[in-house]
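# whatever this is, show me its structure:
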Amino acid sequence: MAKTQKFPEDLLLEAVVKFAEQERNKIKATELAEWSRNNIPGLEEVRDYHFTRPIKGKDPKTNKPVEYTKSCTVKINEINKSRSIVSSVNRNTLLKAANIDAFFELPLIVQKKLVVETRETFNKLLSKNGYLSTENEALRRQNREQETVINELDIKIKSITQKQKKLEKRLNYIIRVTDENSRREMLEKMGINDGEIDIDRYQQSISEEIGEMFDIGKTLKGYQKQVLAEKAENLAELTLKGINFD
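Predicted coordinates for the structure are as follows:
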């Protein structure tokens, strides 16, 4: 059995019918509620959800919870469906009749009504076209912006690829001119340790400026002092002046 509603269904249905006589466009629950509060006695406190919220109750046979669509909601849906642009065009004899004479065969009062409806439909189509044109322009603008971002990312990817190649050359050089302990120490600074990768450290290392992080002169400076002190000057000169990694 359905629960007792705050407002009688027949009163809500009456509000829908009377509002539809005033409003020619699709019915919106918020506008319907506002109009009803000012024009229908007994609905001074009605809200939009009172016209759209289903009725909750129990099936008398199964005693299970069920929901019922209010008659006012059904009426709103029927009116809105009938007022859709496509529906208006399809049932308009002036626009859709296979034989144009079908329009002139109608009573004069019906012809006049169709002319008025056709004008209203045309205005709706103009409004809809304007809206869609605005939406299309917004989408085109978004596409242009995304294309710009994609181009910028493409440039960054190419730059990263070039830096990666330089990095590979520098790492290969480090492998050639350093011993195992020094290589391990350098790799640990980059987040790579005994075949494992510290993601946080590695991410930090690659996010820093390549020129600062992997400057070959700075990288080898400590090694030169600790392992090859006696050849420091020669190695520094070779590293900083004589090697071209580009």
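# does residue 26 touch residue 83 like I think?
Yes. Between residue 26 and residue 83 there is a contact at 5.3 Å, judged by C-beta atoms under 8 Å. Quick note: C-beta positions are derived from backbone N, CA and C, even for glycine.
# which strands and helices lie in contact with the lengthiest helix in the chain?
Looking across the chain with DSSP state H, the single longest helix is helix 108-177. With contacts taken as 3 or more C-beta pairs under 8 Å, 6 or more residues apart in numbering; DSSP states H and E, helix 108-177 sits against helix 85-90, helix 93-96, helix 101-104, helix 180-189, helix 210-213, helix 216-226.
# Provide the contact partners of the third one at residue level.
Which is helix 101-104. Helix 101-104 has contacts (C-beta atoms under 8 Å, 6 or more residues apart in numbering) with 93, 94, 97, 111, 114.
# nearest to residue 41 among those?
residue 114 (36.5 Å; C-beta to C-beta).
# the residue nearest to the closest one when sequence neighbours are not counted: neighbour count?
Nearest residue to residue 114, sequence neighbours excluded (C-beta to C-beta, 6 or more residues apart in numbering): residue 94, at 4.9 Å. Neighbours of residue 94 under the rule other C-beta atoms under 10 Å: 17.
# ok, residue 94 touching residue 113?
No. Using C-beta under 8 Å, residue 94 makes no contact with residue 113, being 10.2 Å away.
# what distance do you get for the closest residue to residue 22 other than its chain neighbours to residue 138?
Counting by C-beta to C-beta, 6+ apart, residue 22 lies nearest to residue 35, which is 7.1 Å off, once chain neighbours are set aside. Note on residue 35: its distance to residue 138, by C-beta to C-beta, to the nearest Å, is 32 Å.
# more neighbours, these two?
The neighbour count for residue 35 versus residue 138, taken as other C-beta under 10 Å, is higher for residue 35 (18 against 10).
# so for stretch 113-124, mean pLDDT?
Stretch 113-124 shows a mean pLDDT of 84.
# how about residues contacting that stretch?
Outside stretch 113-124, the residues touching it (C-beta under 8 Å, 6+ apart) are 24, 85, 88, 89, 92, 93, 94, 95, 103, 106.
# make a markdown table from these and add pLDDT to it.
Shown next, in a markdown table, are those (pLDDT from 0 to 100):
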| residue | pLDDT |
| --- | --- |
| 24 | 77 |
| 85 | 77 |
| 88 | 75 |
| 89 | 80 |
| 92 | 81 |
| 93 | 83 |
| 94 | 82 |
| 95 | 81 |
| 103 | 84 |
| 106 | 86 |
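# please state the offset of stretch 103-115 from the chain centre?
Centroid separation between stretch 103-115 and its chain, computed with C-alpha atoms, centre = their mean, to the nearest Å, is 47 Å.
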